[in-house]
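# Structure of the sequence below:
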Amino acid sequence: MREVLLQELSNSDIDWMLTTSHKREIADGTVLAQAGKTGDTFHILLEGTLIATVSQTRHNPLARAFATIEGDGIAGLEVARFSSGEVVGENSLIGVPSTTNIQALEKSLLMSIPLDQLAAKLKQDAGFSARFYRAIAILYSDRLQNLISRLGRSKLVQMQPIRDVLFIFGKLHDSDLDWFTANGKLKRIAPQEILLRQGGPVDALYVLLQGQMAVSISSNQDNPLTRIFATLEGNKASEQEIAKLYKGEIMGEATFIDGRLPYADIKAVEDSLVLAIARSELLAKLQQDVGFAARFYRAIATLLSDRFQGLLNRMGYRRHTYSPGQTLSEKVKYEDELDSDILEQMSLAAVRFDWMLENLKAI
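Model (predicted):
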């Protein structure tokens, strides 16, 4: 694991964390986080190893099959392993419920910070907030790509559509949306046209306003340049579609947190319209407006966290989840159920998105 926090935070940020935190050693098997429960502490792993597991049910054949392949018992499937530099407890800060249990695999050393003190610091210090949430976004991007790589071509990797704007626009200010509208360019994408290539450069942040696009990953593990030139020459690598994107989806966001290249191809399924915010303009805005940067990186961290948790959910290990057409029971607590605060934020985000669409029509 990369030392993301050390790379992204300033010396003053780290000094504050050292002053506010306390170190503690935990024994093998110590549980730090439980699925569906909110913690009160943010942990940074200094030494040792933690594992994240998802609960399984004996009634789910996919769970049994995956557990057999992995050699794990039915009690819980390991989905991630954390080493020095990883964090635990960040979900409570960004409002996305965790679906994993996290415990120590061996004796480990933690640096722990009370969440209420960290939340207050994030609210008061925009610069710290921007750097912190950018680091969290990078960690979630790493987790997401590692999980997708692990699942490979399994059908388990296929994702349900998510309206990204419901997470992004709920975290931004109206003035931020004004800036997106004023600086974005409308772009038509023809059917079968590739907007982003796996391993290729990203020229802009894209918001899908109309149409449908497909996300696919290649099984070819060659150098990214080899894949790109093979595609240009008409030599198609073996691909698997893992998601469909619809109105309101965000594309190309990963390059704005640490410059990483796309892990998948994104291609138009039908005539589509996107709002493109040029890479150079957005990076300049992030550098010049620290308040905007704090809100943007928090929004991206929230989005990536939701994608990661959603992929775990799609693996089929939840005990009580809601499916379209299913009758809801008041006696059941669904693991994918959203609390009132998140629903309120999503409602606000939907209004803001519709407002932006109306303003773009007038341009």
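# What segments of the stretch 151-300 of the chain are helices?
Under the criterion DSSP state H, counting those that start in this stretch, helices of the stretch 151-300 of the chain are mapped to 165-168, 174-183, 224-232, 255-258, 279-288, 290-314.
# Kindly reformat the ones you listed as CSV containing distance to Ile102, mean pLDDT and mean neighbour count.
C-beta coordinates here come from the backbone N, C-alpha and C atoms, glycine included. Formatted as CSV, these follow (distance: least, Cβ to Cβ, whole Å; pLDDT from 0 to 100; neighbours: other Cβ atoms under 10 Å):
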stretch, distance to Ile102, mean pLDDT, mean neighbour count
helix 165-168, 23, 73, 24
helix 174-183, 33, 90, 15
helix 224-232, 33, 47, 14
helix 255-258, 23, 90, 20
helix 279-288, 31, 96, 14
helix 290-314, 13, 86, 22
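# Tell me which of these lies nearest to Val54.
Minimum separation from Val54 across the helices of the stretch 151-300 of the chain (Cβ to Cβ) falls at helix 290-314, 5.6 Å.
# Run the chain-centre distance for that closest one.
5 Å (Cα atoms, centre = their mean, to the nearest Å).
# Tell me the helices and strands packed up against it.
Secondary-structure packing of helix 290-314 (3 or more Cβ pairs under 8 Å, 6 or more residues apart in numbering; DSSP states H and E): helix 91-94, helix 126-151, helix 165-168, helix 174-183, helix 255-258, helix 279-288.
# This structure - how does it break down into domains?
Structural domains assigned to the chain are 4-124, 157-278+332-361, following automatic domain parsing.
# Would you single out the least confident of those domains?
Across the domains of the chain, domain 157-278+332-361 has the smallest mean pLDDT, namely a mean of 77.
# Can you add distance to Gly248 and give the helices of the stretch 151-300 of the chain back as TSV?
TSV is the format used below for those (distance: least, Cβ to Cβ, whole Å):
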stretch	distance to Gly248
helix 165-168	4
helix 174-183	13
helix 224-232	28
helix 255-258	18
helix 279-288	19
helix 290-314	12
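# Nearest to Asp40, out of these?
helix 290-314 (18.4 Å).
# Give me the angle between the closest one and helix 126-151.
Relative orientation of helix 290-314 and helix 126-151, computed by axes from the mean of the first three to the mean of the last three Cα atoms, to 10 degrees: 20 degrees.
# thinking again about what came up before, of the helices of the stretch 151-300 of the chain, which approaches Gln192 most closely?
Of all these, helix 224-232 comes closest under Cβ to Cβ, at 12.2 Å.
# Leu118 touches Glu90, doesn't it?
No: counting by Cβ atoms under 8 Å, Leu118 sits too far from Glu90 to count as a contact (9.4 Å).
# what is in contact with these two at once?
Phe42 (Cβ atoms under 8 Å, 6 or more residues apart in numbering).
# give me phi/psi at Tyr246?
Torsion angles at Tyr246 (phi, psi; degrees, to the nearest 10) stand at phi -130, psi -180.
# does it really touch Ala214, like I thought?
No: applying Cβ under 8 Å, one finds Tyr246 not in contact with Ala214, separated by 10.8 Å.
# buried set for stretch 142-152?
Asp142, Arg143, Leu144, Leu147, Ile148, Leu151 (16 or more other Cβ atoms under 10 Å).
# hmm, I was thinking of stretch 246-263
Quick answer for stretch 246-263 (16+ other Cβ under 10 Å): 246-258, 262-263.
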